[in-house]
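> One predicted model, sequence on top.
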Amino acid sequence: MAQCTDFVKNFVRDKLNDVDAAEADAVAEHVANCVASNNRWQLIGPFPGGQDFRGLDTVYEPEQAATQQPEYRVGDRTLAWKQVDVRPGGYVDLRKEVSVSEPIVAYASATFECPHEQEAVLRIGGDDGCRLWLNGEQIYQVRAVRGCREGTDQVKVKLKEGANHMLFKIEQVAGDWGFSFDVIDEQGWPIQLDRQAEM
C-alpha cells in the first residue's frame, strides 16, 4: 500500500502543478485505497475446457447456484475457493494461482458494497476467453485467444446501493492465462468499493 500511495502521490504532483502537497497526499490516499480494495478475489478451478471455447460454454456449478458453495466436486477432485490479493489494477496470473494445464476454466468471484447507486465503468483485460456477470446478469463476453492488457475492454454499468456480486469465468486455451480489473467513474477516477467477506 505504501508503494502504491507514493506512486500515486508523485503522479498527482507531477500532473497537477497547482495541487499543494497536502491535497496531493489526500488524493493519493483516496486513490490508493480505491485500487487496493478493488483487487481482492476468490478463485476456483480448474474446470475442464475444450476446443472452440467449450469450457466457456459449459455451465459449471459456480455459475448455476444463487449462493456459491465453499467447495465443488469435479470428477474425483474437490475444488475450493482461494483468496488472492494483487497489485492495484493488476494482473491475476491464473497459471500461478490455479493451474498450468490447458485447456481449462477458472472462476473469480468478489462481492463489494457500494454506498449508493452510481454509474461506473469496468476496465477489463482477459487471456483468453472471458465472461462476466454482475448481480447475476451477464454483461460481458469475449471469445478470443489473446494476451491480457489492462483496460482492453470497458463496460458501462450501474452499481446498485449495497452488495454487488461479480463473477468472472476465464478459459485457458494456450500460453499465458489471467485477467485484470479496475472500476472507475465516468470521469476516469477510481471508485472505492468495500469488499465483503468471502468463502
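Nice, I can see it.

> quick one: the helices in the protein?
2-15, 21-37, 54-57, 94-97 (DSSP state H).

> Got the domain ranges for the chain?
What automatic domain parsing lists as the domains of the chain is 2-34, 41-195.

> Highest mean neighbour count out of those?
Of all the domains of the chain, domain 41-195 has the most neighbours on average by mean count of other C-beta atoms under 10 Å, namely a mean of 17. (C-beta placed from N, C-alpha, C; glycine too.)

> tell me the mean pLDDT over that one?
Domain 41-195 shows a mean pLDDT of 89.

> Which residue lies nearest the spatial centre of this protein?
Nearest to the mean C-alpha position of the chain, counting by C-alpha atoms, centre = their mean, stands F181 at 4.1 Å.

> Now that one. Nearest residue, chain neighbours left out?
Spatial nearest neighbour of F181, excluding adjacent residues (C-beta to C-beta, 6 or more residues apart in numbering): I124 at 6.0 Å.

> Tell me who's in contact with the one you found.
The neighbours of I124, taking C-beta atoms under 8 Å, 6 or more residues apart in numbering as the test, are C130, L132, Y140, G151, T152, D153, Q154, V155, F179, S180, F181.

> Closest one of the residues you listed to L94?
Nearest to L94 among those is F179, at 7.3 Å by C-beta to C-beta.

> Now the closest one. Nearest residue, chain neighbours left out?
The shortest distance from F179 to any non-neighbouring residue, by C-beta to C-beta, 6+ apart, is to G126 (4.7 Å).
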